[in-house]
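Peer 1: here are the coordinates; sequence isn't available:
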């Protein structure tokens, strides 16, 4: 129990950040129309690809002679980048296709 | 010191870009820029890490060449995959990318754990830190293996819905076992590594067992849920490194994903626990007797005739339309009818297609303006005033069993009430039941006629007929 309270005290700011972000996430999304659910999901998918930063740090701090850490880190950076780049590119491609009636008429 | 501040500023800018980007993604007009804004934020956060990150000894990142090679590989595969994907395969791709993120999270915690073990400092690490490390491993691995199964299911590699009695107990048992092992790891027993890897394996197995019993029509909910899992894993990893960009990005997606999951459940009028526990569509034909009733067939020229003299036509597109690549033909029909002064609109069920909002993307690909697409509730108000409803490759979303047959596995889901229209024409290739494997009483209604054939083919014939009238 001592540990638990110590942990809360040590990470006070982080815990605040988490809780506020949770509310923000709910607030930001709750108004989304169903037409955008797919792009939203894939865009959000790309955003959690920020995990790649963790992979970059892990690899950047590994001892270059520690082959196990290096290879696991290498794979982590690859899949993390895949998540980020793939996610943003595919969302962009999808949203590029959405057109409103007005825009369509002016093109014709 | 300066670099630390610069890094914090980069992360701050990145986080704000994520929030604004996500906000902008929730309106059709700003969505494209929102996505780009989030991508720029990501670039700033990653670039800042390369330039300004310093470890506790004040050293910058090493192994840069290898990192860049890995990034180049990941970026190339990601870009190619994203560029080449067909819009019909979008759900698979999203779950694949999501699985990649989950794998990344669990690999990070493995490397971090090995570092702690090899430097023999496990006794100096706080319990909280270890627990977060394990949570990151657990959620990341579940998200990874779950997403892979979801990918295989959506891609058609796994067709069966596998469920066995007592599955829920096994899942529950695995969770208990994982918690037990986590306690052992935290207490720093002798075989810490062994327990840690046991958690890793169990988490992978759990992810598989978690997704395997979930049926076709519920997959969208699962993808969204797994998406929020990866978000949470990202946030845990951010906690490990006290990295604000990872924390904000992760939590934002985690909570947004959870809300999105609940919104979808509401659209299907199913509780999340039902989705996760009940194997949807495993029962074959709950309404077996309707399969023996008679249905009416209609010819292409009769269909063209009826549509030509209608005042209001509504099109209900389903995944079958996309599989037949008939979106463009559908839009052509829509244009011809509109030119003749007939009111045409599309009724889109929130879960039409293979993921929520999927149908909107598929129609957008065919240049159908999004203002013509109507959501479920306004559509249901309009059906009684509609002369002809053309159902193209949709099945479960128009199945009246959802409203009046408590024995049906989709009972309780809100549907498009097409049977309220004067005339319903259903285009299907055969009488086979839909993705969820449930027969449809709509096909045997008095005002329903069946128009068999490939959607694209049939639409093109209708267009030719109408043109000649």
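Peer 2: Okay, I see it. These figures come from a predicted structure and were not determined experimentally. Numbers count the residues shown, from 1 in each chain, chains lettered A, B, ... in the order given.
Peer 1: Under the pLDDT cut-off, which ranges of chain B? List them.
Peer 2: Across chain B, the ranges flagged by pLDDT under 70 are B:160-165, B:189, B:216-217, B:277-293, B:409, B:432-438.
Peer 1: Could you list the domains of it?
Peer 2: B:1-84, B:87-282, B:288-467 (automatic domain parsing).
Peer 1: From the opening residue of stretch B:334-343 to its closing one, how far?
Peer 2: Chord length of stretch B:334-343, first to last residue, is 9 Å (C-alpha to C-alpha, to the nearest Å).
Peer 1: How about stretch A:47-58?
Peer 2: With C-alpha to C-alpha, one end of stretch A:47-58 sits 19 Å from the other.
Peer 1: So it, near chain B or not?
Peer 2: Yes - legend: contact between stretch A:47-58 and chain B by C-beta under 8 Å from any C-beta of the partner chain is shown at A:47-58. Placement of C-beta: from N, CA and C, glycine included.
Peer 1: wait, what's in contact with residue 44?
Peer 2: Went with chain A since none was named. Shown in contact with residue A:44 (C-beta atoms under 8 Å, 6 or more residues apart in numbering or on different chains): B:22, B:25, B:227, B:231, B:252-253, B:256-257, B:260.
Peer 1: wait, I meant chain B there
Peer 2: Contacts of residue B:44 by C-beta under 8 Å, 6+ apart are B:10, B:13-14, B:17.
Peer 1: and the host helix or strand of it, which residues are buried?
Peer 2: Using DSSP states H and E, residue B:44 falls within helix B:31-52. Going by neighbour count (16 or more other C-beta atoms under 10 Å in any protein chain shown), the buried part of helix B:31-52 is B:31-32, B:34-39, B:41-42, B:44-46, B:48-50, B:52.
Peer 1: Identify the residue spatially nearest to residue B:243, adjacent ones excluded.
Peer 2: Spatial nearest neighbour of residue B:243, excluding adjacent residues (C-beta to C-beta, 6 or more residues apart in numbering or on different chains): residue A:53 at 6.3 Å.
Peer 1: my bad, should have said residue A:52
Peer 2: In space, and not counting its chain neighbours, residue A:52 is closest to residue A:80: 3.0 Å by C-beta to C-beta, 6+ apart.
Peer 1: tally of neighbours for the one you found?
Peer 2: Each residue near residue A:80 was counted by other C-beta atoms under 10 Å in any protein chain shown, and the total is 32.
Peer 1: Check the one 3 residues further on too.
Peer 2: Neighbours of residue A:83 under the rule other C-beta under 10 Å: 33.
Peer 1: likewise residue B:2?
Peer 2: 7.
Peer 1: Okay, it and residue B:419: tell me how far apart.
Peer 2: 69 Å (C-beta to C-beta, to the nearest Å).
Peer 1: so the next helix or strand after the helix holding residue B:44 versus helix B:31-52, what angle?
Peer 2: For helix B:31-52, the following helix or strand on the C-terminal side (DSSP H and E) is helix B:64-84. Calculated by axes from the mean of the first three to the mean of the last three C-alpha atoms, to 10 degrees, helix B:64-84 forms an angle of 170 degrees with helix B:31-52.
Peer 1: Buried residues of helix B:64-84, list them for me.
Peer 2: Buried-residue list, helix B:64-84, by 16+ other C-beta under 10 Å: B:66-67, B:70-71, B:73-75, B:77-79, B:81-82.
Peer 1: Need the contact partners of that helix.
Peer 2: Residues from elsewhere that reach helix B:64-84 (C-beta under 8 Å, 6+ apart): A:52, A:56, A:59-60, A:70, A:74-75, A:77-87, A:89-90, A:93, B:50, B:61, B:93, B:96-97.
Peer 1: by how many degrees do whatever helix or strand the residue nearest to residue B:243 lives in and helix B:64-84 diverge?
Peer 2: Secondary structure from DSSP H and E places residue A:53 in helix A:52-61. Per the same axes, to 10 degrees, the angle that helix A:52-61 makes with helix B:64-84 is 150 degrees.
Peer 1: chain center to the helix or strand just after helix A:52-61, what's the gap?
Peer 2: Sequence-wise, the next helix or strand downstream of helix A:52-61 (DSSP H and E) is helix A:67-81. Taking the mean of its C-alpha atoms, helix A:67-81 sits 18 Å from the chain's own mean (C-alpha atoms, centre = their mean, to the nearest Å).
Peer 1: Name the helix or strand for the closest residue to residue B:36 other than its chain neighbours, please.
Peer 2: Nearest residue to residue B:36 in three dimensions, chain neighbours excluded: residue A:92, at 6.9 Å (C-beta to C-beta, 6+ apart). Assigned by DSSP H and E, residue A:92 belongs to helix A:87-97.
Peer 1: can you pull the contacts of the residue positioned nearest the centre of chain A?
Peer 2: Ranked by distance to the mean C-alpha position of chain A (C-alpha atoms, centre = their mean), the top residue is residue A:48 at 1.5 Å. The neighbours of residue A:48, taking C-beta under 8 Å, 6+ apart as the test, are A:83, B:101, B:227, B:230-231, B:234, B:249-250, B:253-254.
Peer 1: who wins for most neighbours among these?
Peer 2: Counting by other C-beta under 10 Å, top hit in those: residue B:234 with 40 neighbours.
Peer 1: Are we agreed that that one is in a helix?
Peer 2: Yes - membership of residue B:234 in a helix is supported by DSSP: H, G, I helix; E, B strand; the rest coil.
Peer 1: and it, how far is that from chain A?
Peer 2: Distance of residue B:234 to chain A, given as C-beta to the nearest C-beta, to the nearest Å: 4 Å.
Peer 1: and that residue, what does it touch?
Peer 2: A:48, A:50-51, A:54, B:101, B:105, B:246, B:249-250, B:253-254.
Peer 1: so, in contact with chain A or not, the helix or strand where residue B:202 lies?
Peer 2: Assigned by DSSP H and E, residue B:202 belongs to helix B:192-211. No - for helix B:192-211 and chain A, the contact criterion (C-beta under 8 Å from any C-beta) is not met; the two come no nearer than 11.9 Å.
Peer 1: so what secondary structure elements neighbour that helix?
Peer 2: helix B:90-118, helix B:127-154, helix B:167-186 (3 or more C-beta pairs under 8 Å, 6 or more residues apart in numbering or on different chains; DSSP states H and E).
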